[in-house]
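here is the input, now give the coordinates:
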Amino acid sequence: QVQVVESGGGLVQAGGSLRLTCAASGSILSINHIGWYRQAPGAQRDSVATINSGGSTNYADSVKGRFTISRDNAKNTVYLQMNSLKPEDTAVYYCNADLTISTTWGPKGYSYWGQGTQVTVSS
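Predicted coordinates:
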């Protein structure tokens, strides 16, 4: 059974920092593309930062220079370091991982979402 679990959310004052962790577990052969997304109340889910298997990254314009995505392939883990947080960063943050997993029928690719972690930035 494959799981993708986020952690590290919480309440922080504006200007503060948080580090989110996304850990994948199970019969994982490789983590391909993986990203962080966020959804504020009443809004759509938007991409925040992504990283591919080669380590190339992309960021939303609103977080460039403040957020950093990184990955530890040995631990099947991706991090999102968030600095200089603003009230508008308040949202539920989700991890989405494109994984190649081992199945009875051989390697298969699937996309998994975590359950989300709440980030609240007070002014």
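
in the helix or strand hosting residue 20, what's buried?
For residue 20, the host element (DSSP states H and E) is strand 18-25. For strand 18-25, a neighbour-count test (16 or more other C-beta atoms under 10 Å) marks 18, 20-24 as buried. Using the backbone N, CA and C atoms, a C-beta is placed for each residue, glycine as well.

ok, now stretch 69-79?
69, 71, 76-79.

just stretch 9-17 next, same as before
Applying a neighbour-count criterion of 16+ other C-beta under 10 Å, one finds 9, 12 buried in stretch 9-17.

helix or strand: which one has the nearest residue to residue 69 once chain neighbours are set aside?
Of all residues not flanking residue 69 in the chain, residue 49 sits nearest, at 4.0 Å (C-beta to C-beta, 6 or more residues apart in numbering). Per DSSP H and E, residue 49 falls inside strand 46-51.

quick one: average pLDDT of that strand?
The pLDDT scores in strand 46-51 average 97.

who does it pair with, and is each partner parallel or antiparallel?
Pairing partners of strand 46-51, with direction, according to DSSP bridges: strand 28-39 (antiparallel), strand 57-59 (antiparallel).

show residues contacting that strand.
Contacts to strand 46-51, defined as C-beta atoms under 8 Å, 6 or more residues apart in numbering, come from residues 33-39, 57-60, 63, 67-71, 78, 80, 93.

ok, of those residues, which come out buried?
34-38, 59, 63, 67, 69, 71, 78, 80, 93.

how about low-confidence regions in the protein?
The chain contains no residues with pLDDT under 70.

for it, what spans make up the strands?
3-7, 10-13, 18-25, 28-39, 46-51, 57-59, 67-72, 77-82, 91-103, 106-113, 117-122 (DSSP state E).

between the strands paired with strand 46-51, which one is nearest to residue 11?
For the strands paired with strand 46-51, proximity to residue 11 was assessed by C-beta to C-beta; strand 28-39 is nearest, at 15.6 Å.
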